[in-house]
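S.K.: sequence first, then the predicted structure, then my questions.
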Amino acid sequence: MVQLKVLVVDDEPGIRSGISRALERFVVGYPFMDEDIAYAVTEVNSGEEAIEMFKVDKPDIVLLDNKLPGMDGIEVLQYINNHQLDIEVMMITSFASLELAVKATNIGAYDFVPKPFTPRELRSSIENITKHLFLKRMTRKMNREGRQIRFQFLSILSHELKTPLNAVEGYLNIIKERQAGENLENYDDMVNNAMQRIKGMRKLIMDFLDLTQIESGKKAREVRPLDMAQIANNSIDSLSPLAIQMEVKVELHCSGDLIVPFDQDDIEIILNNLISNAIKYNKPGGKVICRLEKSPDSFDILIRDTGIGIPEDDQEKLFQEFVRIKNANTRHIAGSGLGLSIVKKILDYYDGQIKLQSEENIGSTFSISLPVQ
Amino acid sequence: MKHILIVDDDADCLFQLKLQMSNLGYSVTALESQFLAEEWLEDSEPDLAIIDLMMETEDSGFILSRGLKNKYPDVPVVILTAVTPETGLSFDLQTSDSQQWINADQYIEKGLHQETLFARIEQLLKL
């Protein structure tokens, strides 16, 4: 039998003793656990006392009232979050406001029990939080053992793949059942849209494979002297259909000797991602300037666009996986959300730097600096 | 004719639902964001709303649904989403707890069999 420590933080004695009674003889078992789990309950009546308890006898689970006499529940939650304590928190709230729920979830609350609750409701919440706690600890243990479980990543990936799959399936259903009538031309746009979504999925899968290769450290690299001007030219050529479609002009400015030792695949990924972004997030009639320069100790790439720009608040999360800045300007632009995180990972390998300067509605400039030995 | 409000930032999904709901004999307003829907709701009332979950923000659908229910408590709301347990997040309306803060009548997975979706909408409109 495993015993989990539960701390109840509530200023109402009735609630505290109710919880203690409900959990007194409560035992939980899971198919994936060898042992059953029981609960040892401790009660305190303020946030300050709870924090004292964390220091002497850290609980596994905290049942936390939000309205407390001194510091409130959210502040206790913030403390747990800031100190990265391995504690699962369930909020007890007398009214479940969405605002509080979102705020508390954002800083790490696992669940909510609205007051008043029955012993049964409480036990079922405790059962859930316990499962979550053990899964989390197991995951952490596996991570420590070197088995990287990229649960979050894979779950977003599956969402990002399912969405276009649903769209394509939806169109096929409509076509199959002739839901737009017998005239074949009615279906032309649907077929085109479905093909666009498939293209997007293919791009996502390719980007994902790139990222996996880079991350696993198994990417085979062949660093040899490359003519960067030539490679940038090819990249711009290959993106010219997109540029024509978007009515964007791409200029390449090169000066002097641009022979730099690099892996060709890596530099192509960097240039293709940055130039295609600069085209995609541009305005009709806009411009992209790509400038390459070599100095004695660095090779610098600058890519400037006259596009929609990136709001300041969004700039720092831009290089994370699956971050796509969502606003009215970007809604219609397709992307996998992986491009810049791939670029960043490649640059890390070469000890390179990437900087962003951007102003909304004026444009963005990405500058890359790569050390040259 | 019953009027249905559809809100989804995925243009393809929005188009498909609009077509299908019109084919079923409903009149439709199709909008592509929480913001546009809130504007529309200021002086219009649908008979039913179908709302995508993740739009401008991850919980746009919840917020929109809550606002709609505050103004028109009797209008049924269906939240339609690709967020399901295998995508690492799940919500449902099975417990009284989630019913309290997810203010909607149905929570339906995208890609669910069309007939099931249509049947549930019909059911909600009859209540």
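M.R.: Nice, I can see it.

S.K.: any chance you could map the strands in chain B?
M.R.: According to DSSP state E, chain B carries its strands in the segments B:3-7, B:27-31, B:48-52, B:77-81, B:106-109.

S.K.: how about the third one against chain A, any contact?
M.R.: In this case it means strand B:48-52. No: using CB under 8 Å from any CB of the partner chain, strand B:48-52 never reaches chain A; the gap is at least 10.0 Å. For glycine as for every other residue, the C-beta is placed from the backbone atoms N, C-alpha and C.

S.K.: give the pairing partners of that strand; include direction for each.
M.R.: Within its sheet, strand B:48-52 is paired with strand B:3-7 (parallel), strand B:77-81 (parallel), according to DSSP bridges.

S.K.: for the stretch 201-350 of chain A, what are the low-confidence residue spans?
M.R.: For the stretch 201-350 of chain A, the stretches with pLDDT under 70 are A:321-336.

S.K.: how does it look with 50?
M.R.: Applying pLDDT under 50 to the predicted model, the stretch 201-350 of chain A contains no residue that meets it.

S.K.: how about chain B?
M.R.: Low-confidence regions of chain B, defined here as pLDDT under 50, cover residues B:88.

S.K.: ok, back up a step: mind putting the strands paired with strand B:48-52 into JSON lines with mean neighbour count?
M.R.: Conversion of the strands paired with strand B:48-52 to JSON lines gives the following (neighbours: other CB atoms under 10 Å in any protein chain shown):
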{"stretch": "strand B:3-7", "mean neighbour count": "23"}
{"stretch": "strand B:77-81", "mean neighbour count": "22"}
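
S.K.: rebuild the ones you listed as a markdown table, extending it with distance to A:L23.
M.R.: Putting the strands paired with strand B:48-52 into a markdown table (distance: least, CB to CB, whole Å) gives the following:
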| stretch | distance to A:L23 |
| --- | --- |
| strand B:3-7 | 42 |
| strand B:77-81 | 33 |
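
S.K.: looking at the ones you listed, which is nearest to A:I107?
M.R.: Distances from A:I107 to each of the strands paired with strand B:48-52 were compared using CB to CB; the shortest belongs to strand B:77-81, at 23.8 Å.

S.K.: show me what A:S298 is bridged to.
M.R.: Taking DSSP bridges as the rule, A:S298 bridges to A:P371.

S.K.: pretty sure it contacts A:S367?
M.R.: No: taking CB atoms under 8 Å as the contact criterion, A:S298 and A:S367 are not neighbours in contact, 10.9 Å apart.

S.K.: buried residues in stretch A:82-95, which are they?
M.R.: A:I87, A:E88, A:V89, A:M90, A:M91, A:I92, A:T93 (16 or more other CB atoms under 10 Å in any protein chain shown).

S.K.: next: stretch A:195-203.
M.R.: Under the neighbour-count rule (16+ other CB under 10 Å), stretch A:195-203 has A:R197, A:G200, A:M201 buried.

S.K.: and which of the residues you listed is nearest chain B?
M.R.: Ranking these by separation from chain B, with CB to the nearest CB as the measure, puts A:R197 on top at 6.4 Å.

S.K.: so who does that closest one touch?
M.R.: Contact criterion CB atoms under 8 Å, 6 or more residues apart in numbering or on different chains gives A:P164, A:A167, A:V168, B:D12 as the residues in contact with A:R197.

S.K.: which SS state does it fall under?
M.R.: Under the three-state scheme (DSSP: H, G, I helix; E, B strand; the rest coil), A:R197 adopts helix.

S.K.: what about the residue nearest to it when sequence neighbours are not counted, which SS state?
M.R.: For A:R197, the nearest residue in space outside its immediate sequence neighbours is A:P164; the separation is 4.0 Å by CB to CB, 6 or more residues apart in numbering or on different chains. Secondary structure state of A:P164, per three-state DSSP, is helix.

S.K.: dump the residue contacts of A:P164.
M.R.: Residues touching A:P164, when contacts are defined by CB under 8 Å, 6+ apart, comprise A:R197, A:I198, A:G200, A:M201.

S.K.: quick one: low-confidence ranges for the stretch 1-150 of chain A?
M.R.: A:146-149.

S.K.: so which residues of it form helices?
M.R.: A:13-24, A:47-56, A:73-82, A:98-106, A:119-144 (DSSP state H, counting those that start in this stretch).

S.K.: hey, which of the ones you listed is tucked in deepest?
M.R.: Mean neighbour counts were compared across the helices of the stretch 1-150 of chain A using mean count of other CB atoms under 10 Å in any protein chain shown; the top stretch is helix A:73-82, at a mean of 18.

S.K.: chain center to it: distance?
M.R.: Distance, stretch centre to chain centre, for helix A:73-82: 23 Å (CA atoms, centre = their mean, to the nearest Å).

S.K.: try stretch A:266-286
M.R.: Offset of stretch A:266-286 from its chain centre (CA atoms, centre = their mean): 22 Å.

S.K.: report the buried residues of stretch A:258-270.
M.R.: Applying a neighbour-count criterion of 16+ other CB under 10 Å, one finds A:L258, A:V260, A:F262, A:D263, A:D266, A:I267, A:E268, A:I269, A:I270 buried in stretch A:258-270.

S.K.: picking up where we left off before, in strands only, show me the buried residues of stretch A:82-95.
M.R.: A:E88, A:V89, A:M90, A:M91, A:I92, A:T93.

S.K.: make TSV out of these and add distance to chain B.
M.R.: Rendered in TSV, the data for these read as follows (distance: CB to the nearest CB, whole Å):
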residue	distance to chain B
A:E88	16
A:V89	15
A:M90	11
A:M91	11
A:I92	11
A:T93	9
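
S.K.: pull the most distant pair out of the residues you listed.
M.R.: Within these, A:E88 and A:T93 form the most distant pair, 16.4 Å apart (CB to CB).

S.K.: ok, back up a step: any chance of the buried residues of stretch A:82-95 in CSV, plus distance to B:A49?
M.R.: Rendered in CSV, the data for those read as follows (distance: CB to CB, whole Å):
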residue, distance to B:A49
A:I87, 39
A:E88, 35
A:V89, 33
A:M90, 31
A:M91, 29
A:I92, 32
A:T93, 27
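
S.K.: of all those residues, which two lie farthest apart?
M.R.: Longest span within the buried residues of stretch A:82-95, CB to CB: A:I87 and A:T93, 18.2 Å.

S.K.: could you report the pLDDT at the residue nearest to A:R197?
M.R.: Listed pLDDT for A:P164 reads 86.

S.K.: A:G170 and chain B, how far apart?
M.R.: Using CB to the nearest CB, to the nearest Å, one gets 4 Å for the distance from A:G170 to chain B.

S.K.: does A:I87 really touch A:Y79, like I thought?
M.R.: No: using CB under 8 Å, A:I87 makes no contact with A:Y79, being 10.0 Å away.

S.K.: list the residues that contact both of these two?
M.R.: Taking CB under 8 Å, 6+ apart as the criterion, A:I87 and A:Y79 both touch A:F54.

S.K.: now do the SS call for the residue nearest to A:I270 when sequence neighbours are not counted.
M.R.: Closest residue in space to A:I270, ignoring its immediate chain neighbours: A:V343 at 5.3 Å, by CB to CB, 6+ apart. Look at A:V343: counting by three-state DSSP, its state is helix.
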